[in-house]
Structures are given as structure tokens and as C-alpha cells.
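J.: Need coordinates for the following:
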Amino acid sequence: MVRGRDACWEHCVLVDATKQKVRCNYCQREFSGGVYRMKFHLAQIKNKDIVPCTEVPTDVRGNILSIISTPKKQKTPKKPKVDKALAANGQQNSSSASGGFHPNHGTSGQNGSTSPSLLFPCPSPVAHLEVGDAQKQKQDVADKKIAVFFIHNSVPFSAAKSIYYQEMVDAIADCGVDYKAPSYESLRSSLLEKVKGDIHDCYKKCRDEWKETGCTILCDSWSDGRNKSLVIFSVTYPKGTLFLKSVDVSGHEDDATYLFELIESVVLEVGVENVVQVITNTTASYVYAGRLLMAKYNSLFWSPCASYCINKMLEDISKQEWVATVLEEAKTITRFLYSHPWTLSTMGKFTGGMELLRPKITRFVTNFLTLRSIVIQEDNLKHMFSMSSVYSRHPEAQAIKSSLYLERFWKHAREAVSISEPLLKILRVVDGDMPAMGYMYEGIERAKVAIKTHYKGIEEKYMLIWDIIDQRWNMQLHSSLHAAAASLNPSVFYSPNFKIDLRMRNGFQETMLRMATTHDDRMEVTKEHPMYVNAQGAFGTDFAILGRTLNSPGDWWAGYGYEIPTIQRCAIRILSQPCSSHWCCWNWTTFESMHSKKHNRGELEKFNDLVFVHCNLWLQSIYHHRDGKCKPIVFDEVDVSSQWPTELDSSAPLLDDSWLDNLPLECRGSP
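T.: Okay, the predicted model is just below:
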């Protein structure tokens, strides 16, 4: 690929010249096709499978748009050779052509070429320049007006990253100059109702798809540690997540019967026939409520949040004395680097702008990822502190420098990174909003193998970490649903490197007994299972074998499981579920505000509507970011240093409810 002088190269980098793969400097998305397709990405123009950039600055987008809209310069045709006499004659005819001369739009030259008429010259470049300047002035005025609106109303600048921002501007532009913006009254009444109606229409469409894929109810709980406890209910399936409601459970958080009845009401609202599992935290009251739920409804499962359990594994590992020491030393290093502007600026120059801290993830994940970043930047950090400057001679800097040159620190740091990274990979997978049920079992086994390999099979070393993993995995996380999902994941089941153990086989049997509710269905499962086990029929075709690792497990079953429809239906429903509820980083301030303030009935209904719409629009934007595609997971390719879903900007809190003041009389009710 030749870069040439294309201005677009200022906004992207070449990743792979062979495949013409480039990476956007703003959203870090990579795709093939070179700088040509990158222009459409930066200009936010949908073209084939190009996803518009959500991070590109407005001025860059405008610049790229102008480049795309400007026609390429045509090559100047070679002037035909004519003798001087003809040229002179032509000049005379041209100069004498006045009055009733009827011009030709082109005269035939040699070789049949056509040359433009002298009486119809191209538009003056000056005219183009004037039009361009006028348009630029309009653009500048519009940009400033938008900036004034943001600043005057304290709208966070990050709102410009929203997928709805450019959609709004485009819709206004389509209406032309006569468009009048909606009033305050219509925004808080009829328009809010219309958007709410659109979300309910989406909800209805989702219910139709749940019949095939099933869905999971996420029960996310929060407490302020004193007297306030809230629960958020949402429902998720492969194509996204819907917020249902938030409930104040203060005073009942330890009442398993109360929680069971609350969760049951949500299950009935969504439809028992649609729900495959309910995910909650692992406190005793929720565990017991989950058991009550499974006892009453044989077709569904209760599962603990995998993200919570794996975070607990990392917490247990961090309590090992040598791990705690090295993590604390890493904190000391980063605390110094991030506490002074000059050290932060200097660090950026030596690390190439790479950050060491990842503050938007859970505490123990942040600690291990920070340590990992320090290990990666070992040489650069040492070089930074070895420079002969006034900064490196600072007393605090000298103390950090001493730590950075301790061999013991780097030995333990590399060891801690090696044993934590396999668990971080699992967490990176389950924290995503993609169906990960079919990979949980494999992830745990891979993590244990990686840790054993790091310690070169020395049992007294790796068994300490294995015991930590097994205790959480066996006592809290493992379920028959995880085992069945692994059995039905073709990339796992058919892998020669994966051992199908007794618990996996028993888990498959238990799960099928719950999902195949009739005697006839159980007979069909018994007949169909050998065909899958032995890769017979459609399962043994070249496409099916190739698709084991190229397709997501659910898509693979949809494509090749048609000869055993009973197991196919169960497999699609199981493999379409997530393992965790932690990817959805709620802004709890919104819900705390809603449940803390006293509103009359009319106000509360309106506030509930606003929160419902607000949360669901945020969830839809997350779905838009991942293009709605389910992809197979390959643990060897999981990059824990890339952005985590939990690092996405959470929905902004709805702290200003002054719009509830002076509601129309028909909206008011008694307190």
C-alpha cells in the first residue's frame, strides 16, 4: 500500500500492509481496505460493512467529508498538434465571433476528441472559493451555537460521542431551514411518550425472538452500605439488553422469600417459556431465592454472576503475601507517577502515551492490569528514572528508582502477571455483552493449564493457585448449565485437546432433563444425541467441521443441527446466554435519586418513564457499538489490554428532575 499524499493518513495508521489493514486513531477500530474505506469510516458514512466512527472530532469529519465530495481532478488531455496557420485562423475566428454566433458545445479535434467551447468556460476558481468560504462560515456559526448549548446547559462534552448526536443533526438538516425545534412542553410529554412507544415496540419484537434463543434475566443489586438497597432488572439475549425496572428492596435484602417473589414476578412478566436463566449475586438470600425459583419452575436455571466469582478468585490470589507485596509496590510507583503533572507528562513521552492505570474496572482487575502494564513498560520506566535531570534526582523519584531496579520486584511482578492473566482473559470474555455460556468451562480449564505450565508442572507451586480457583469454581460458580454449554459448544466438544470429564457429562444429562420437559422430548434427545457425539450426518460435513471454530456456537447449531431438532432447540437456547451481569455498568445515582425523593403519583410515573427511556437508549447504543454480531471466542486471541465493556461511559445520571415541576393537571395525582 502506498501512502502518497492522502490527507486521511493523519487520522489512521497502517497495521498490515499485506492485507491493507488500517487502524482509526480515534476509536481504534481496524479493518481492511486501506485508506479509501477509512475515509467513509471517519466521515461517518455507512458504506457496505463500514461502521461509522463514533469518536472522530467534528472538524476532522467535516474535512474528510469535503475530501470525499470533491471530485478527482481529471487528467488534462494532451493538446492536439496544429500548425501555426490554423492556430492563427482559430484566433481570428474567435476574436471576430460576436453578435449572432451560435456556439458549439465542443468542436471535433484530431482523433475525434472533443475540446470545450471558449464561450462556455469553467466556473471561476474565485467563485468556488467564495462559496466555500461562505459554507465554512455557516459551519463555524453552527458549531459555535452547538457549543454554546452544551456549555450553557452543562451538557457533558462526552455527549457528542453518542450515536444519537449525529443522527439528531442529520435529521434536523433533512428538514431544511424552516425546521422549528420542539418545545419544552412537547419534549416532556408527547415526545417522551413517542420514544417510550418505540422502545415498547422493540420490546415486542424481542419477545418473538426469545421464543427461539431464550433470554436471561439479570438481577443487579446495589447497596450504599447503610440503609439503602436497590435491585435493577433487565433482560438480555444475543441481540441486546432491555432495562425493565428498578426496585427499592431496603429492609428486605436478606429476605429470601421476598426476593423470590420479586424475581418470580419479573419472570412471569417476561414469560416463563422464554427465560432460560436468572443471574444474581451470590449472597445467601439470593442463592436461596434462586433455589426456590428452580424448584417451582423446572425449565429454568438460576446462575451466579461469573464476573463476581472470578473477581473473588483474583482477590484471593492478591492476599498471598508475595502477591500483596508486589501489588502494593506497583501502587506506590503509579501513585507517584500520577500525582505530579511533570511526572505524568514525562511518563507519556517514555511510554508512547500508554496509560498504566485502568481505573474504570473493578479494584482487583485494575491492580493486576496495572502491574501488567508496568511489566510491559519495564525498560521505558527504568530509562525514564535513569535520566540525569532535576526530576529524577527528586527524593521520591529516587525511592521509585530503587524499586524499579530490584530484581525481586520484577521476578514477582512477572509471576503475578502470568498467573492472573488467564483469569483476566475469562473475565474479559464474560464481562462482554456477548453470549459466553459455552466458554465458561473451557476458560477455567485453560486457566489452570496455563498456571501449571508457568510453574513447569511443580505441584507444590501451582496447586496453591489451583486450590483458590477450585474453591470458588466448585463451591460458587460451577453449574450443570455451564457443563451442558461446554458439551454443546463444538469448538470445545470436538477439540482433541479438551477432556470431557464426568461432571460435564452429568451436567449435560441434568440440563436436558430440565429443558426437555415432556416424555416425548426426552425420548428424542436420547435418540438424537449419538448423532452429535459421533459427528454424523450434517455434523460431519466439511462446512460443519470448518464452522466449529469459525462460527459462534449458537449460529453453528442453527446452521447444522437441523437433523436433530430437539437438541438443536435446547443448544441454541443454552448457548445464546451470558454468564455475567457486570458488563452493564449502571449509574446508580439515577436510581438512588428516583427512590429517595418523594413524588406524587403523576410525577413518579413520568420520572419512571424518563428513566425507562434513558436506560434503554443507552443499552441500544452499546448494542450498536458491537454491530449486533455474535462471534466465536478464541482465548488465545483475547487481549486484556484492549478496552473492556465496563470501561464504556455509563449512562449519565438524571439528577435534574425540575422538568417535573408544573406538570399538566391531568398528570398529577394524590401523594
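J.: so when I look at Trp586, I'm seeing a strand, right?
T.: No - assignment of Trp586 by DSSP: H, G, I helix; E, B strand; the rest coil gives coil, placing it outside any strand.
J.: quick one: contacts for the residue nearest to it when sequence neighbours are not counted?
T.: Computed as C-beta to C-beta, 6 or more residues apart in numbering, the closest residue to Trp586 that is not its neighbour in sequence is Ile232, at 5.8 Å. (Glycine included, C-beta is placed from N, CA and C.) Listed by C-beta atoms under 8 Å, 6 or more residues apart in numbering, the contact set of Ile232 reads Leu218, Cys219, Asp220, Ser221, Trp222, Phe243, Lys245, Ser246, Trp586, Phe591.
J.: any idea which element Ile232 lies in?
T.: strand 229-237 (DSSP states H and E).
J.: That strand pairs with which strands?
T.: Applying DSSP bridges, strand 229-237 is found paired with strand 215-223 (antiparallel), strand 240-248 (antiparallel).
J.: From Lys401, how far out is Phe336?
T.: Counting by C-beta to C-beta, to the nearest Å, the separation of Phe336 from Lys401 is 10 Å.
J.: What's the first helix or strand after the biggest helix by length in the chain?
T.: Scanning the chain for the helix with the most residues, using DSSP state H, yields helix 125-152. Per DSSP H and E, the first helix or strand lying C-terminal to helix 125-152 is helix 163-175.
J.: pLDDT averaged over that next one, what's the number?
T.: Averaging pLDDT along helix 163-175 gives 91.
J.: Pull out the buried residues from it.
T.: Buried residues in helix 163-175, counted by 16 or more other C-beta atoms under 10 Å: Gln166.
J.: Mind exporting the C-alpha coordinates of the following helix or strand past it to PDB?
T.: Later in the chain than helix 163-175, the nearest helix or strand by DSSP H and E is helix 184-188. Output in PDB follows, covering the C-alpha atoms of helix 184-188 (Å, rounded to 0.1, in the frame of the first residue of the first chain):
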ATOM      1  CA  TYR A 184     -40.200  22.200  26.500                       C
ATOM      2  CA  GLU A 185     -43.800  21.100  26.800                       C
ATOM      3  CA  SER A 186     -43.700  18.600  23.900                       C
ATOM      4  CA  LEU A 187     -40.300  17.200  24.900                       C
ATOM      5  CA  ARG A 188     -41.500  16.200  28.400                       C
END
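J.: Pull out the buried residues from helix 184-188.
T.: Within helix 184-188, the residues that count as buried by 16+ other C-beta under 10 Å are Arg188.
J.: and for the next helix or strand after that helix, what are the contacting residues?
T.: Sequence-wise, the next helix or strand downstream of helix 184-188 (DSSP H and E) is helix 190-213. Helix 190-213 is contacted from outside by 182, 215, 235, 237-240, 242, 270-271, 273-274, 554, 569, 572-573, 576, 606, 609-610, 612-613, 616-617, 620, using C-beta under 8 Å, 6+ apart.
J.: Helices - which of the residues you listed land there?
T.: 270, 554, 569, 572-573, 606, 609-610, 612-613, 616-617, 620.
J.: Make CSV from those residues and add neighbour count to it.
T.: Formatted as CSV, the ones in helices among the contacts of helix 190-213 follow (neighbours: other C-beta atoms under 10 Å):
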residue, neighbour count
Val270, 21
Gly554, 24
Arg569, 18
Ile572, 21
Arg573, 25
Lys606, 20
Asp609, 15
Leu610, 20
Phe612, 20
Val613, 19
Asn616, 24
Leu617, 17
Gln620, 16
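J.: if I look at the residue nearest to Trp586, how far off is Asp174?
T.: Here Ile232 is placed at a distance of 36 Å from Asp174 (C-beta to C-beta).
J.: Equivalent analysis for Ile317, please.
T.: 56 Å.
J.: How about Glu510?
T.: For Glu510, the distance to Asp174 - C-beta to C-beta - is 56 Å.
J.: Equivalent analysis for Ser345, please.
T.: Going from Ser345 to Asp174 by C-beta to C-beta gives 45 Å.
J.: Same check on Ser162?
T.: Ser162 is 19 Å from Asp174, by C-beta to C-beta.
J.: same question, Pro578
T.: For Pro578, the distance to Asp174 - C-beta to C-beta - is 38 Å.
J.: now Asp470
T.: As judged by C-beta to C-beta, Asp470 and Asp174 stand 60 Å apart.
J.: now Gln135
T.: 18 Å.
J.: One more: Pro490?
T.: Plainly put, Pro490 is 47 Å away from Asp174 if you go by C-beta to C-beta.
J.: cool, Gln20 as well?
T.: Per C-beta to C-beta, Gln20 is found 34 Å from Asp174.
J.: what about Ser601, how many residues close to it?
T.: In this structure residue 601 is Arg, not Ser. Residues contacting Arg601 under the criterion other C-beta atoms under 10 Å number 12.
J.: pLDDT score for it?
T.: Per-residue confidence (pLDDT) for Arg601: 70.
J.: quick one, what contacts Ser479?
T.: Neighbours of Ser479 in contact, by C-beta under 8 Å, 6+ apart: Phe301, Ser303, Pro304, Gly507.
J.: In those residues, which residue is surrounded by the most others?
T.: Going by other C-beta under 10 Å, Phe301 tops these with 25 neighbours.
J.: That residue: what's it in contact with?
T.: The contact partners of Phe301, taken as C-beta under 8 Å, 6+ apart, are Val276, Gln277, Val278, Met294, Ser479, Ser480, Leu481, Thr511, Arg514.
J.: hey, what's it bridged with?
T.: Beta-bridge partners, per DSSP bridges, of Phe301: Gln277.
J.: Please apply the same query to Leu14.
T.: Per DSSP bridges, the residues bridged to Leu14 are Val22.
J.: What count of nearby residues applies to it?
T.: Leu14, neighbours per other C-beta under 10 Å, totals 14.
J.: same question, Phe539
T.: 21.
J.: what's it in contact with, if anything?
T.: With the criterion set at C-beta under 8 Å, 6+ apart, Phe539 makes contact with Met531, Tyr532, Tyr560, Gly561, Glu563.
J.: Now the buried members of those residues.
T.: Neighbour-count burial (16+ other C-beta under 10 Å) is assigned, among those, to Met531, Tyr532, Tyr560, Gly561.
J.: give the contact list for the third one.
T.: In other words, Tyr560. Ala538, Phe539, Thr541, Phe543, Ala544, Gly547.
J.: residue ranges with poor pLDDT in the stretch 551-671 of the chain?
T.: Where the stretch 551-671 of the chain drops to pLDDT under 70, the residues are 583-584, 597-600, 602, 625-629, 646-671.
J.: For Val60, which residues are in contact?
T.: Going by C-beta under 8 Å, 6+ apart, Val60 touches His11, Tyr26, Leu42.
J.: The contacts of Phe539 in helices, which ones?
T.: Using DSSP H, the contacts of Phe539 in helices are Met531, Tyr532, Tyr560.
J.: Quick one: those as CSV, columns for distance to Ser32 too.
T.: Formatted as CSV, these follow (distance: C-beta to C-beta, whole Å):
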residue, distance to Ser32
Met531, 38
Tyr532, 35
Tyr560, 28
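J.: Of the residues you listed, which is the nearest to Leu259?
T.: Tyr532 (37.7 Å; C-beta to C-beta).
J.: tell me the contacts of the closest one?
T.: Per C-beta under 8 Å, 6+ apart, neighbours of Tyr532: Phe539, Gly561, Ile564, Ile567.
J.: Look up which helix or strand the last one falls in, please.
T.: Of the helices and strands defined by DSSP H and E, Ile567 is found in helix 565-575.
J.: How far away from the center of its chain is that helix?
T.: Its chain's C-alpha centre and that of helix 565-575 lie 26 Å apart, by C-alpha atoms, centre = their mean, to the nearest Å.
J.: May I see the buried residues of the next helix or strand after that helix?
T.: Downstream of helix 565-575, the first helix or strand assigned by DSSP H and E is helix 588-596. Across helix 588-596, burial judged by 16+ other C-beta under 10 Å covers Trp588, Thr590, Phe591, Glu592, Ser593, Met594, His595.
J.: Not counting residues beside it along the chain, what's closest to Met384?
T.: Nearest non-adjacent residue to Met384, counting by C-beta to C-beta, 6+ apart: Phe350, 4.3 Å away.
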